[in-house]
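S.K.: sequence first, then the predicted structure:
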Amino acid sequence: MSLVVQAPARVNVIGEHTDYNDGLVLPTTTALHTRVRARRRLDRIVDVTTRTLDDSRTFNLDALEPAAESSWINYVIGVAAMLADSGIALRGASLEIDSEIPLGAGLSSSASLELGVALALLGIAEQAVEPAELARLCQRAEHQFAGLQCGIMDQYAIACARRGHAVLIDCRSLQTEQVAIPGSVALLLVDSGVRHQLPDGDYNNRTEECRQALARLADRVPALTSLRDLGPEALEEHKSHLGDTLYRRCRHVVTENGRVQQAVAAMRDGDTAKLGALISASHASLRDDYEVSCKEVDELVVISDRCPGALGSRQVGGGFGGCVLVLVDAREAAAAAGRIASEYTRYAGATPWTHIVQATDPAKEIDS
Ligand code: ADP
Ligand code: MG
């Protein structure tokens with residue numbers, strides 16, 4: 001028995017660092033895929049080759065522990081462990097992984113890998129798990145086996161995508177609403193070339209800061225269970241108890257949740273100028289309040305914003321490098337990609353990778 005699964009990349013239109021605060025996010029996907037080819041094995045071994053990293057590992061389904069060193073295989077073992085924990089009887093398999101997604105560039109190659117592996121292992125075991133539950137299970141794998149305290153956005157976006165749409169996710173209720181992306185605009189990705197190291201870097205530090213802020217506010221703001229519930233007035237009222245850094249972290253979360261709601265309305269109204277302004281405001285907040293940008297990304301945003309046809313731009317994903325997302329008039333998208341790339345080349349000394357987003361299907365089995 002053999003099968004092929006493909007899982008898209010996640011492109012977050014707006015709503016950054018709000019998911020682990022029970023907030024709102026508006027991601028889409030693009031037609032860049034992780035592909036997993038799977039063949040059944042008759043024993044309890046899973047052997048895995050990644051063409052992307054040119055590496056191979058094996059593990060035993062009866063000993064699902066994280067590898068000692070931090071390694072890509074932990075995403076795969078983690079997914080197998082979480083499936084097994086949820087009562088799925090897994091079977092041995094050979095997995096061959098390939099990816100078109102730039103790694104560590106803010107497009108969630110990790111969640112794409114998790115969903116691809118999860119569907120491949122389920123297919124081999126002739127089992128099924130509904131998409132929302134599968135997303136939660138992959139998030140747990142990333143927490144427990146890759147050590148990143150990520151929110152639910154990436155896995156959910158990739159599991160629950162719809163072609164041509166972004167999905168509004170309420171990360172507390174996990175209710176979703178599909179929102180059509182207006183045809184008059186394109187989403188352009190330009191890679192700054194700077195790479196983050198999320199599990200070792202500042203991402204977990206930001207989740208920790210949000211926890212600290214919540215703890216400081218808990219006895220002052222009644223019934224506050226997450227920063228999602230913090231309104232702008234309460235934030236200002238309790239500013240002095242937070243101190244400058246935690247106050248600015250909270251201000252990002254509070255204002256970003258508001259921007260997601262406004263962005264949904266703008267998309268529904270076809271108000272693309274407003275959508276662009278919100279995307280730019282999101283970047284300013286990530287740069288100044290949440291402090292997850294870097295100088296190369298900031299420069300790329302400046303370059304993108306002055307390009308003809310551009311309506312707004314921002315860093316996409318967890319931060320500390322990776323891609324900038326540019327909202328651009330659809331007729332200008334190809335020309336804008338060329339212009340921005342050549343101007344950034346003069347700044348950075350290397351030509352950046354560019355890509356025009358095609359919002360696509362969720363992770364799924366395909367014909368081999
Ligand atoms: P992002 O999800 O933004 O791309 P992360 O740091 O969260 O960045 O995840 C990148 C990590 O995911 C890589 O370092 C690697 O361990 C793993 N990964 C993603 N895609 C692949 C792949 N095709 N093959 C092997 N490992 C992968
Ligand atoms: Mg990731």
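M.R.: Sure thing, it's come through. Ligands and ions are numbered 1, 2, ... in the order given.

S.K.: partners of the longest strand along the chain in the sheet?
M.R.: For the chain, the strand with the greatest residue count under DSSP state E is strand 24-40. Under the criterion DSSP bridges, strand 24-40 sits next to strand 2-14 (antiparallel), strand 93-99 (antiparallel), strand 165-170 (antiparallel) in its sheet.

S.K.: put together TSV for those, with distance to ligand 1 on each row.
M.R.: Just so you know, the C-beta spots here come from the backbone N, C-alpha and C atoms, and that holds for glycine as well. Shown next, in TSV, are these (distance: least, C-beta to the nearest ligand atom, whole Å):
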stretch	distance to ligand 1
strand 2-14	8
strand 93-99	3
strand 165-170	17
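
S.K.: so which helix or strand takes in residue 224?
M.R.: Remark: residue 224 resides in no helix or strand, with elements defined by DSSP states H and E.

S.K.: residue 51 and residue 96 touch, don't they?
M.R.: Yes - counting by C-beta atoms under 8 Å, residue 51 does reach residue 96; the two are 7.0 Å apart.

S.K.: these two: who's more crowded?
M.R.: residue 96 (17 against 12; other C-beta atoms under 10 Å).

S.K.: residue contacts, the residue nearest to that one when sequence neighbours are not counted?
M.R.: Nearest non-adjacent residue to residue 96, counting by C-beta to C-beta, 6 or more residues apart in numbering: residue 37, 4.4 Å away. Applying C-beta atoms under 8 Å, 6 or more residues apart in numbering, we find residue 37 in contact with 2-4, 95-96, 98, 120, 368.

S.K.: domain assignment for the protein?
M.R.: What automatic domain parsing lists as the domains of the chain is 2-181, 185-356.

S.K.: before we move on, the earlier item: buried residues in the longest strand of the chain?
M.R.: 24-38 (16 or more other C-beta atoms under 10 Å).

S.K.: which of the residues you listed come close to ligand 1?
M.R.: residue 34 (C-beta under 6 Å from any ligand atom).

S.K.: pull the most distant pair out of the buried residues of strand 24-40.
M.R.: 24 and 37 (36.2 Å; C-beta to C-beta).

S.K.: verify the stated contact: residue 329 with residue 187.
M.R.: No - using C-beta under 8 Å, residue 329 is not in contact with residue 187; the gap is 11.6 Å.

S.K.: quick one, which of those two is more surrounded?
M.R.: The neighbour count for residue 329 versus residue 187, taken as other C-beta under 10 Å, is higher for residue 187 (23 against 17).

S.K.: correct me if wrong: that one contacts residue 166.
M.R.: No - in this structure, residue 187 is not within contact of residue 166 by C-beta under 8 Å, at 9.1 Å.

S.K.: residue contacts, the residue of the stretch 251-368 of the chain found nearest ligand 2?
M.R.: Closest residue of the stretch 251-368 of the chain to ligand 2, C-beta to the ion: residue 318 (6.9 Å). Residues in contact with residue 318 (C-beta under 8 Å, 6+ apart) are 16-17, 106, 150, 196, 198, 203, 292.

S.K.: 7 Å instead?
M.R.: Residue 318 sits next to 106, 196, 198, 203, 292 when contact means C-beta atoms under 7 Å, 6 or more residues apart in numbering.

S.K.: could you dump those residues to a markdown table with secondary structure and distance to ligand 1?
M.R.: Below are those laid out as a markdown table (DSSP: H, G, I helix; E, B strand; the rest coil; distance: C-beta to the nearest ligand atom, whole Å):
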| residue | secondary structure | distance to ligand 1 |
| --- | --- | --- |
| 106 | coil | 5 |
| 196 | coil | 7 |
| 198 | helix | 4 |
| 203 | helix | 9 |
| 292 | coil | 13 |
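
S.K.: a markdown table for those, including distance to ligand 2 and pLDDT?
M.R.: Putting these into a markdown table (distance: C-beta to the ion, whole Å; pLDDT from 0 to 100) gives the following:
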| residue | distance to ligand 2 | pLDDT |
| --- | --- | --- |
| 106 | 8 | 96 |
| 196 | 9 | 74 |
| 198 | 6 | 51 |
| 203 | 9 | 84 |
| 292 | 14 | 95 |
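
S.K.: and of the buried residues of strand 24-40, the nearest to residue 265?
M.R.: Closest to residue 265, out of all of those and judged by C-beta to C-beta, is residue 26, at 11.2 Å.

S.K.: pretty sure that closest one sits against residue 170.
M.R.: No - the pair residue 26 and residue 170 does not pass the contact test of C-beta atoms under 7 Å, sitting 10.8 Å apart.

S.K.: anything in contact with each of those two?
M.R.: With contacts defined as C-beta under 7 Å, 6+ apart, no residue is adjacent to both residue 26 and residue 170.

S.K.: residue 44 contacts residue 60, doesn't it?
M.R.: Yes - between residue 44 and residue 60 there is a contact under C-beta under 7 Å: 5.7 Å.

S.K.: so which elements touch the lengthiest helix in the chain?
M.R.: Longest helix of the chain, by residue count under DSSP state H: helix 239-269. Contact here means 3 or more C-beta pairs under 7 Å, 6 or more residues apart in numbering; DSSP states H and E; on that basis helix 239-269 packs against strand 2-14, strand 24-40, strand 176-180, helix 203-218, helix 232-237, helix 272-288.

S.K.: just these: most buried one?
M.R.: With neighbours defined as mean count of other C-beta atoms under 10 Å, those peak in mean count at strand 2-14, which reaches a mean of 25.

S.K.: hey, C-alpha coordinates of that one in PDB?
M.R.: Only the C-alpha atoms of strand 2-14 are listed here, as PDB (Å, rounded to 0.1, in the frame of the first residue of the first chain):
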ATOM      1  CA  SER A   2       1.300   3.500  -0.800                       C
ATOM      2  CA  LEU A   3      -0.100   7.000  -0.900                       C
ATOM      3  CA  VAL A   4       0.900  10.700  -1.400                       C
ATOM      4  CA  VAL A   5      -0.100  13.600   0.800                       C
ATOM      5  CA  GLN A   6       0.400  17.300   0.300                       C
ATOM      6  CA  ALA A   7       0.200  20.000   2.800                       C
ATOM      7  CA  PRO A   8       0.300  23.700   1.900                       C
ATOM      8  CA  ALA A   9       2.300  26.600   3.500                       C
ATOM      9  CA  ARG A  10       0.500  29.000   5.800                       C
ATOM     10  CA  VAL A  11       0.500  32.700   5.000                       C
ATOM     11  CA  ASN A  12      -0.900  34.800   7.800                       C
ATOM     12  CA  VAL A  13      -2.700  37.900   6.300                       C
ATOM     13  CA  ILE A  14      -3.100  39.500   9.800                       C
END
